[in-house]
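>>> Structure, please.
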Amino acid sequence: MEQNKSQNECKWPGPVVGNFLNKICQQAKALIQRPSTPEAIAILKRLQREAFLDLMKMRDKLEIIEKRSTHHASNNQGSSLGGAKTQFKGDVKTGGAFILMEPESSQQLYSSLGQARMKTGIEVKFTFETFFRERDLLVTECVAGQSCTNDRNVVGGPFTLSKVLYSAHINDYLSLSVVPLGAKGKDIAASLNPLQDHALTGFSDTGPDLFRHCQGSAIGATIKGPKLAISAGKYLSGWGAHPSGSASAVCSGTLGQVLFQPLESTIFAFSGLNGYLQSPPHPLSKALDWSEIGTLIFSNACFKGTNSLGASSSISSAQYPSLPSLNSNSKGISTQLVAFSAETEFNESMQIGGWLQADREDWLCRAGTKSSQWALCLSKFPENGFGWGLSIGKSREEPFSMQRSQELHPPDGKHPVSQILLEAFAKIHCGKGFTLQPGLLYMTNGNARTPALMLRASWSL
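Below you'll find the predicted structure:
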């Protein structure tokens, strides 16, 4: 009898509820064994009311615990926004360099640093990725540092909204991308570059240099097949008043790319850009520049190849004879760039890639002044442990950068417009998302030879 009783007690869920119900059963059995009296009936009714009240209290506590556990689980998986999940990523990056320079090569050093675009200073970036309709993606980025100021003399900076992108996958073959803010070339087309997001300089990190002209706001589409993909996009930048003396160019360009993948580990791409670089408005000019009308307000001037609604300053080839051979007019510079790039993977995580870019005007009209740009990269970046990267390439100074250099240093006919850049670095994973990148740069610009030591650290949240 005692054994059966102990077995019945073990069947109750939980020690608290089991002890409570066992106590009620014992009292009920004792009352049943007694003769039926009004006192026994009153005790049974009282026990029934108490048991009912206690069960209601326990049910309320269980509901509260269930709500808390569900809320905690949803916070761990990601916040919800209309049924969509948002993922958060954080990156903190800082870097510095030590340059060995000679006083007589200061002019070439200014040009070398402008073309290399060394990643120094402090940068903090927060990325929010929200998924809609299972395959659509909304990306929002907030950045503090040089990326939001475009000034290499700034150490830090305030947090600003730097990018908004929405990518819609219509079906398995067609996708559309809308980038009202912070558009880059790789948002529409593929940048085949093994050192992307790893290199110590902007030249080695970007890929073909024509992607640098693709910025601001953009809209584009991509059609994908089993081994072929075609992308096209329109870029436009330059809204907002220009600071006095600013040399920033307004860019309007159309980007197209054909991507071919004959093997799973090998990709080829042919890219082209038909761009228009507007000459910066003169600080003393009274004409209204179309880019100063307002943010995301379009004008027919930006599509007709003119930069203002009245008289404006211009770039004169007679004033700067060493500017590259571009289609210049009184309002700006138009250029057509083509690039061929390739990337292949072998030996597990080792990759090799390269690209070659040419200016259509130089190659077709003036064969004696060819000024192609190229780069060759080799890298190995395992998920954990020790990684490394190598890059060698030839860069070319931008037209408005050359104008700025010649304003500081009047042209004497010997001002070089291109340089060779050699970059080598190691990437050491220290654990918990922290990495160190020591590296060496060697720049040749004219007769100047500029070596530099770099150290970059990053921490991913």
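
>>> Bridge partners for residue 95, pull those for me.
Beta-bridge pairing of residue 95 under DSSP bridges involves residue 121, residue 456.

>>> whoops, I mixed them up, residue 423
As assigned using DSSP bridges, the partners bridged with residue 423 are residue 391, residue 441.

>>> show me what contacts it?
Counting by CB atoms under 8 Å, 6 or more residues apart in numbering, residue 423 touches 199-201, 204, 389-392, 439-442. Using the backbone N, CA and C atoms, a C-beta is placed for each residue, glycine as well.

>>> From those residues, pick the one nearest residue 109.
residue 441 (12.3 Å; CB to CB).

>>> So what pairs up with residue 161 in the strands?
Judged by DSSP bridges, the bridge partners of residue 161 are residue 142.

>>> and the longest helix for this structure?
helix 38-77 (DSSP state H).

>>> Buried members of the contacts of residue 423 into ChimeraX, please.
Remark: buried members of the contacts of residue 423, expressed as a ChimeraX selection using 16 or more other CB atoms under 10 Å:
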select :199,200,201,204,389,390,391,392,439,441
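
>>> for the contacts of residue 423, which one is nearest residue 115?
residue 201 (9.1 Å).

>>> Can you get me a residue count around the closest residue to that closest one other than its chain neighbours?
What sits nearest to residue 201 in space, not counting adjacent residues and going by CB to CB, 6 or more residues apart in numbering, is residue 116, at 4.8 Å. Neighbour count for residue 116, taken as other CB atoms under 10 Å: 23.

>>> quick one: average confidence on stretch 109-116?
Per-residue pLDDT over stretch 109-116 has a mean of 80.

>>> CA-only coordinates of it in PDB, if you can.
What follows is stretch 109-116, C-alpha atoms only, in PDB (Å, rounded to 0.1, in the frame of the first residue of the first chain):
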ATOM      1  CA  LEU A 109      54.800  62.500 -51.900                       C
ATOM      2  CA  TYR A 110      51.600  64.500 -52.100                       C
ATOM      3  CA  SER A 111      50.700  62.800 -55.400                       C
ATOM      4  CA  SER A 112      51.700  59.300 -54.000                       C
ATOM      5  CA  LEU A 113      49.500  59.600 -50.900                       C
ATOM      6  CA  GLY A 114      46.600  60.800 -53.000                       C
ATOM      7  CA  GLN A 115      46.800  57.800 -55.300                       C
ATOM      8  CA  ALA A 116      47.500  55.200 -52.700                       C
END
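
>>> Residue 334 and residue 178, how far apart?
Distance of residue 334 to residue 178, given as CB to CB, to the nearest Å: 26 Å.

>>> which regions of the stretch 251-400 of the chain sit below the pLDDT cut-off?
Within the stretch 251-400 of the chain, the segments meeting pLDDT under 70 span 278-332, 361-370, 398-400.

>>> the strands in it, which residues?
Secondary structure of the stretch 251-400 of the chain by DSSP state E, counting those that start in this stretch: the strands cover 266-278, 327-328, 332-346, 350-359, 373-380, 386-396.

>>> Out of these, flag the one nearest residue 86.
Of all those, strand 386-396 sits nearest to residue 86, with 30.1 Å by CB to CB.

>>> Determine the angle, from 0 to 180 degrees, between that closest one and strand 350-359.
10 degrees (axes from the mean of the first three to the mean of the last three CA atoms, to 10 degrees).

>>> related to what we said a few turns ago, who has more neighbours, residue 334 and residue 178?
Ranked by neighbour count (other CB under 10 Å), residue 334 and residue 178 place residue 334 first, with 18 against 15.

>>> For that one, list each beta-bridge partner.
Bridge pairing for residue 334 - DSSP bridges - gives residue 276, residue 327.

>>> Repeat that for the one 10 residues further on.
According to DSSP bridges, residue 266, residue 352 are recorded as the beta-bridge partners of residue 344.

>>> from what I can see residue 114 touches residue 396, true?
No: look at residue 114 against residue 396 with CB atoms under 8 Å: they stay out of range, at 10.8 Å.

>>> Point out where the stretch 51-200 of the chain drops to low pLDDT.
71-84, 103-107, 146-157.

>>> could you redo the last one with a cut-off of 80?
Residue ranges of the stretch 51-200 of the chain with pLDDT under 80: 52, 67-85, 101-112, 114, 134, 145-157.

>>> what are the ranges of the strands in it?
For the stretch 51-200 of the chain, the strands defined by DSSP E, counting those that start in this stretch cover 79-81, 84-99, 121-132, 136-144, 160-169, 174-183.

>>> Distance to residue 232 added to those strands, as JSON lines?
JSON lines is the format used below for the strands of the stretch 51-200 of the chain (distance: least, CB to CB, whole Å):
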{"stretch": "strand 79-81", "distance to residue 232": "31"}
{"stretch": "strand 84-99", "distance to residue 232": "28"}
{"stretch": "strand 121-132", "distance to residue 232": "24"}
{"stretch": "strand 136-144", "distance to residue 232": "20"}
{"stretch": "strand 160-169", "distance to residue 232": "15"}
{"stretch": "strand 174-183", "distance to residue 232": "11"}
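
>>> And these: which comes nearest residue 432?
The nearest among the strands of the stretch 51-200 of the chain, by CB to CB, is strand 84-99 at 12.5 Å.
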